[in-house]
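Trainee: turn this into a model:
(one chain, ligands or ions: 1)
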Amino acid sequence: MAVRRKRKVRVKKLNLAIFVLVVVLITALITKTIKGIYLIITDKKEPEIIEKKEEKKEKKVKEEKTSFEQLSYYKDTNHNRYIRYQNKNPNLSIETIVTYVNIGLDNPYYTYTNKAKDLNKITIIVNKYNYLTRDYVPKNLESIPLSYARSGMKLVNVAKDAYVEMAKAAEKQKLKLVVTSSYRDYEYQEDIYNRYVKSDGKEAADTYSGRPGFSEHQTGLAVDLYNGKKLYTEFEDTKEFDWMQDNAYKYGFILRFPKDKDNITGYQYESWHYRYVGKEIAQYIHEHDITYEEYYAQFLDK
Ligand SMILES: [Zn+2]
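Mentor: Numbering: from 1, shown residues only. Prediction:
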């Protein structure tokens, strides 16, 4: 009998333990369910999840911002344009996106144009986004000596002096540089452009001729060269061109519309068109193989 009673007591204790356990479990379950129901009714999410999602979102925006902002040429006013351009061109680097948008390349040529800044400075940029007015005539225009140019060719004095020095250096190597076009005023450009449009149509003319006001020749800092024998359009096939490739930058000149850069400059390759920008800038552009648009966007456009 004694053994049976002991077993009964043990069974009772076990039942009690199970009962307590079940009660605890049910309580936990009910609490959780009530909480769940409450959250569903009030359409709330677990605060922890919300916090984590917000954190992620913030981090992403912050990362995007800092990666653009870390560039010295980042412009606050262009921020949304950078994001839009990046969405359209996901494979481009941050540097390229900021540079191209600063140039204006996220908009078609001849749209969102600005009056050129830096008037009468050798750093002036004139292209399909930056124009000169009809009345703009650069100061200090001077004639280029006839030994190195066709008659009537003019450049801004500093550019003229640098060009003459360069042409003399080429001459020492038995090479001949001749300017066939230099400063052109607004009306002159208007005439050529309209002539090209008449013969080839506007679309084609725009790939090789500047619209009036948008031609770099109006700055008095650009020249078209030939060697006195071949056509200027064949300048690439001359020894003079090879020499210019290696030496132009030493005199402050750059090949303004290089091969395969028309998506940046807006112009087909022109082996004959050179622009004076000064020795320091010319050397940087030569060493880094970039266009003046890129240089300007990264270092000068403030
Ligand atoms: Zn030209």
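Trainee: near the ion, which residues of the stretch 201-302 of the chain show up?
Mentor: Residues of the stretch 201-302 of the chain found near the ion (C-beta under 5 Å from the ion) are 224, 273. C-beta here means a position set from N, CA and C on the backbone, and glycine is covered the same way.
Trainee: and the strands in the stretch 201-302 of the chain?
Mentor: Ranges of strands in the stretch 201-302 of the chain, per DSSP state E, counting those that start in this stretch, are 222-226, 253-257, 270-276.
Trainee: can you put these in CSV and add distance to G104, mean pLDDT and mean neighbour count?
Mentor: Shown next, in CSV, are the strands of the stretch 201-302 of the chain (distance: least, C-beta to C-beta, whole Å; pLDDT from 0 to 100; neighbours: other C-beta atoms under 10 Å):
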stretch, distance to G104, mean pLDDT, mean neighbour count
strand 222-226, 20, 98, 24
strand 253-257, 17, 98, 24
strand 270-276, 18, 98, 24
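Trainee: distance to K160 added to those strands, as a markdown table?
Mentor: Converted to a markdown table, these look like this (distance: least, C-beta to C-beta, whole Å):
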| stretch | distance to K160 |
| --- | --- |
| strand 222-226 | 10 |
| strand 253-257 | 12 |
| strand 270-276 | 9 |
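Trainee: the residue of the stretch 151-300 of the chain at minimum distance from the ion and T123, how far apart?
Mentor: Nearest to the ion in the stretch 151-300 of the chain, going by C-beta to the ion, is H273, at a distance of 3.7 Å. If you measure H273 against T123 using C-beta to C-beta, to the nearest Å, the figure is 18 Å.
Trainee: ok, and what's touching stretch 253-266?
Mentor: Under the criterion C-beta atoms under 8 Å, 6 or more residues apart in numbering, residues 100, 103, 105, 109, 127-128, 162-163, 166, 207, 216, 222, 244-245, 248, 267-271, 273-277, 281-282, 285-286, 291-294 lie in contact with stretch 253-266.
Trainee: what's around the residue in the stretch 1-150 of the chain that the ion sits nearest to, how many residues?
Mentor: When C-beta to the ion is the measure, the stretch 1-150 of the chain has its nearest residue to the ion at V126, with 11.7 Å between them. A total of 22 residues lie near V126 under the criterion other C-beta atoms under 10 Å.
Trainee: quick check, it in contact with L132.
Mentor: Yes - under the criterion of C-beta atoms under 8 Å, V126 lies in contact with L132, with a separation of 5.9 Å.
Trainee: what do those two both touch?
Mentor: Taking C-beta under 8 Å, 6+ apart as the contact definition, V126 and L132 share the neighbouring residues 116, 214, 218-219.
Trainee: next, give me the two most distant ones among these.
Mentor: When the shared contacts of V126 and L132 are compared pair by pair using C-beta to C-beta, the two farthest from each other are F214 and T219, 11.0 Å apart.
Trainee: residues shared between the contacts of these two?
Mentor: Applying C-beta under 8 Å, 6+ apart, one finds that F214 and T219 are jointly contacted by 126, 132.
Trainee: who's more crowded, the two?
Mentor: A side-by-side neighbour count of F214 and T219, using other C-beta under 10 Å, places T219 first with 26 against 23.
Trainee: would you confirm that the more buried one contacts I124?
Mentor: Yes - applying C-beta under 8 Å as the test, T219 and I124 come out as touching, 5.5 Å apart.
Trainee: where does the prediction get shaky in the protein?
Mentor: Along the chain, the model assigns pLDDT under 70 to residues 1-11, 28, 30-66.
Trainee: that'll do, ta.
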